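*Asks:* coords below, sequence missing:
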């Protein structure tokens, strides 16, 4: 049971990695651009949620309602903007559901940012070396991060989840197990479900639509598709915007789990890059699979690190502890933080194209 | 990008040769100029308000780091995102040298790079099996691993978030053996006697504790034994003596008797190391090894075919650059005996990449200039009081407030805490328009532009000196920068004007030349690169013409 608990603990992190890595992989597969600013897009998504929450909560004086203060003077009632505009009941509902409003708002915002990034900056780097792409997008990531820091300050800001997403859900009860044996915070479940929906939608879009077919053809042989009279560049730009939207909406949904702060993008960027590389550059399934794999692996190794003897490995661990020098035991004890990097290094050295990478793509 | 990497062996004959290493006359001149400029750096930074000792020594240390990093990135083209880890390793090794061997910084300056090099060897051997983006990601993964391990596995060595510090209770084998850095004015024998007396006192105390003595029927509390408590115990009749005098040992690193806490002493130690680093990097670039590194960047396949093994050279470059990173880390510790783990964070690696790009990779002086710019802006621009500046601008502007407000509040974005935004923007512009960095800009300028630049730069010092010594601070603070600003405006506008002129000339040429359908259709390749001229309009001849006439520094992304 603990193993299952730990497995789903890894799911939400894995979903976040998979969503960012999916966008990265889409952009790399279509445009051939290594986008170091993708974590910043995730971070911007988080701050869209912050903005919407702050806008809905702007205190505004009510035009008609007044209240008497302790001196008996009449002063206007100050209410959040949403309640002021839509009345108390409707306003409360809107305030409660700010997260979904942010989700809807973030889609055009992120699409706009994605198109602007591609048209105004990335376009000029299609044919330049990967190192320069890394450098310019790294610079862009710094700029976006610093802009957010200037606007929102350097501290974490809490995004309040809707009431029905607070608290924990008894997953065990759903499957007829004894109550309380398998519990999980509701907002994390919502995030995982949201992520799975986005992943499924993206894959269907790429796999089953005419647009997706053209894009896949363009990923195989861009010049050929171009010569057939299809404006492949435009479709690739849309794919870039799609990647930005995926990262941004993931950021909106993740803002209830991790408090937004300006440098969070960089943290997720490094990890999702490792995810992409482990999964295989340009392979969408690889990115998603590696995202979940690494997320779950890291939470399973946390279990291992606690040394509480799951998998029947406790004797092995204890035996190791008695034989190995202290510092090696410590290494194994802290493996949960290191496991992603260790796996990435091993995969890159043994199978450079990644787990599911196509042969010949960036295999150098 | 390879324009500034022109054949270094071309004018080697009229140069100097030292221990088989060669240096051209130009290099020797450049090195001499660099050395003079570094030694005068506090003076040269005076008009820019950046001559504080802490600023200049940081510039020098980051200069060493950046010049070392350039040996890998600039020469071989391998972009490492993990070199800050080696700075951290150098720091920790050096602080342990200060703690365990001697407070003298010279051994620490050797221990730091050696430790960094030893750890870089296996890491480089593994990571250099891949190139391009994979190499970047691998080095990133290794550096983050080392960073995490500094907090968990190696916590005993690194002391976690607090960082490791020197203290007067350190062991310091060499100091004790040779009597260096002992308490002020005491001979070796006196120190040894004081030490053994204290040890004997501690032993006596332990023996006393074992007897569980009681005073007035209560067990004695030994937890807070100050002089007063000891006196009271003596009065109560316990066999305890006054604590022997403790001799305070120094805990500040020193260089053969000079403590490293005095203003410009720190800087000049760093400056000498920086100049040595510069000479080393220059010699390395001119050596056959440096040429091999350039060959790795240019064409690895060809090296393979010629029977050379690129991996050996890149590995050597990796280790050497890591050793310079370790040297920088050791210098940090020597100047300020504290080794925090923050130095290992991967964003610090990003910073050294930024320095290399801003200054210009591939050249020797470029990375130092980048370090100078980044550190100067990081220390000076970030500490400007934005609000005062804003008010000053508001007072100076004669416009109504709704126009004034956006203008006056612009500095809020780029000055003070927001300086990293400005740095990021400049960095992006550099990568977009000037991939070779600031040095390549200098190399692209014509002689007359170079002269103008030197003139306007020199005028800063002239005006500063005049204002300071003749006019008695009569001019406003920005007056000395006027020539430089004028020059910058000139340098930006001129290429744009030239580029426009050339475009107009090209169009005129295309219009005047009658279309020759027969020749163009027969000779133009299917994927013609004629650009804006369109198919059929002299596409066969124009590409050559345009390539020759187009100014390489045309500042337009459209030309990329």
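*Replies:* Right, received. Where do you want to start? Note that the coordinates shown come from a computational prediction; the quantities given were computed from them, not determined experimentally. Residues are numbered from 1 along each chain as shown, chains lettered A, B, ... in the order given.
*Asks:* tally of neighbours for the residue of the stretch 151-300 of chain B found nearest chain A?
*Replies:* Residue of the stretch 151-300 of chain B nearest chain A, by C-beta to the nearest C-beta: residue B:152 (4.0 Å). Glycine gets a C-beta too; all of them are placed from N, C-alpha and C. By other C-beta atoms under 10 Å in any protein chain shown, the residues close to residue B:152 number 18.
*Asks:* would you mind measuring from it to residue B:164?
*Replies:* 16 Å (C-beta to C-beta, to the nearest Å).
*Asks:* looks like residue A:155 contacts residue A:261 (just checking).
*Replies:* Yes. The pair residue A:155 / residue A:261 is scored as a contact, 6.9 Å apart, by C-beta atoms under 8 Å.
*Asks:* settle it for me: which of the two has more neighbours?
*Replies:* Neighbour comparison, residue A:155 and residue A:261: the larger count goes to residue A:261, with 20 against 9 (by other C-beta under 10 Å).
*Asks:* can you give me the neighbour number for the closest residue to that one other than its chain neighbours?
*Replies:* In this structure, residue A:261 finds its nearest non-sequential neighbour in residue A:156, 4.4 Å apart by C-beta to C-beta, 6 or more residues apart in numbering or on different chains. For residue A:156, the neighbour count with other C-beta under 10 Å is 13.
*Asks:* residue B:92 too?
*Replies:* Residue B:92 is flanked by 28 other residues according to other C-beta under 10 Å.
*Asks:* what sits against it?
*Replies:* By C-beta atoms under 8 Å, 6 or more residues apart in numbering or on different chains, the contact set of residue B:92 is B:115, B:150, B:157-158, B:164, B:329, B:339.
*Asks:* what secondary structure does residue A:64 sit in?
*Replies:* strand (DSSP: H, G, I helix; E, B strand; the rest coil).
*Asks:* same thing with residue A:184?
*Replies:* Per three-state DSSP, residue A:184 ends up strand.
*Asks:* quick one: contacts for it?
*Replies:* A:5, A:8-9, A:168-169, A:171.
*Asks:* try it again with 7 Å
*Replies:* By C-beta atoms under 7 Å, 6 or more residues apart in numbering or on different chains, the contact list for residue A:184 reads A:8, A:168-169, A:171.
*Asks:* which helices and strands sit right next to the longest helix along chain B?
*Replies:* With secondary structure taken from DSSP state H, chain B has its longest helix at helix B:482-512. Contacts defined by 3 or more C-beta pairs under 7 Å, 6 or more residues apart in numbering or on different chains; DSSP states H and E place helix B:482-512 against helix B:447-465, helix B:542-549.
*Asks:* what angle separates it from helix B:447-465?
*Replies:* Angle of helix B:482-512 versus helix B:447-465, following axes from the mean of the first three to the mean of the last three C-alpha atoms, to 10 degrees, is 160 degrees.
*Asks:* thinking again about what came up before, go through the contacts of residue A:184 and flag which are in helices.
*Replies:* Using DSSP H, those in helices are A:8, A:171.
*Asks:* gap between residue B:76 and residue B:136?
*Replies:* In this structure, residue B:76 and residue B:136 are 13 Å apart, going by C-beta to C-beta.
*Asks:* flag the shaky bits of chain A, pLDDT-wise.
*Replies:* Within chain A, the segments meeting pLDDT under 70 span A:1-2, A:304-334, A:359-364.
*Asks:* average pLDDT for the strand or helix carrying residue B:296?
*Replies:* Using DSSP states H and E, residue B:296 falls within helix B:288-298. Helix B:288-298 shows a mean pLDDT of 87.
*Asks:* tell me how far that helix is from the chain's mean position?
*Replies:* Helix B:288-298 sits 23 Å away from the centroid of its parent chain (C-alpha atoms, centre = their mean, to the nearest Å).
*Asks:* just stretch B:192-206 next, same as before
*Replies:* Distance, centroid of stretch B:192-206 to centroid of chain: 47 Å (C-alpha atoms, centre = their mean).
*Asks:* and stretch B:24-44, by the same measure?
*Replies:* Computed by C-alpha atoms, centre = their mean, the chain-centroid distance of stretch B:24-44 equals 18 Å.
*Asks:* quick check: residue B:209 touching residue B:223?
*Replies:* No. Using C-beta atoms under 7 Å, residue B:209 is not in contact with residue B:223; the gap is 11.0 Å.
*Asks:* those two: who's more crowded?
*Replies:* Set residue B:209 next to residue B:223 and count neighbours by other C-beta under 10 Å: residue B:209 wins out with 11 against 6.
*Asks:* contacts only, for the residue in the stretch 151-300 of chain A that chain B sits nearest to.
*Replies:* Residue of the stretch 151-300 of chain A nearest chain B, by C-beta to the nearest C-beta: residue A:277 (5.2 Å). Applying C-beta under 7 Å, 6+ apart, we find residue A:277 in contact with A:344, A:348, A:354, B:134, B:137.
*Asks:* for those, which one is nearest residue B:318?
*Replies:* residue B:134 (14.6 Å; C-beta to C-beta).
*Asks:* show me what contacts that closest one?
*Replies:* Contacts of residue B:134 by C-beta under 7 Å, 6+ apart are A:277, A:348, A:352.
*Asks:* count of neighbours near the closest residue in space to residue A:258 that isn't next to it in sequence?
*Replies:* Once flanking residues are discounted, residue A:258 sits nearest to residue A:264: 6.7 Å by C-beta to C-beta, 6+ apart. Residue A:264 sits with 23 neighbouring residues when counted by other C-beta under 10 Å.
*Asks:* isn't residue A:264 right next to residue A:41, touching?
*Replies:* No. Taking C-beta under 7 Å as the definition, residue A:264 is not a contact partner of residue A:41, at 11.7 Å.
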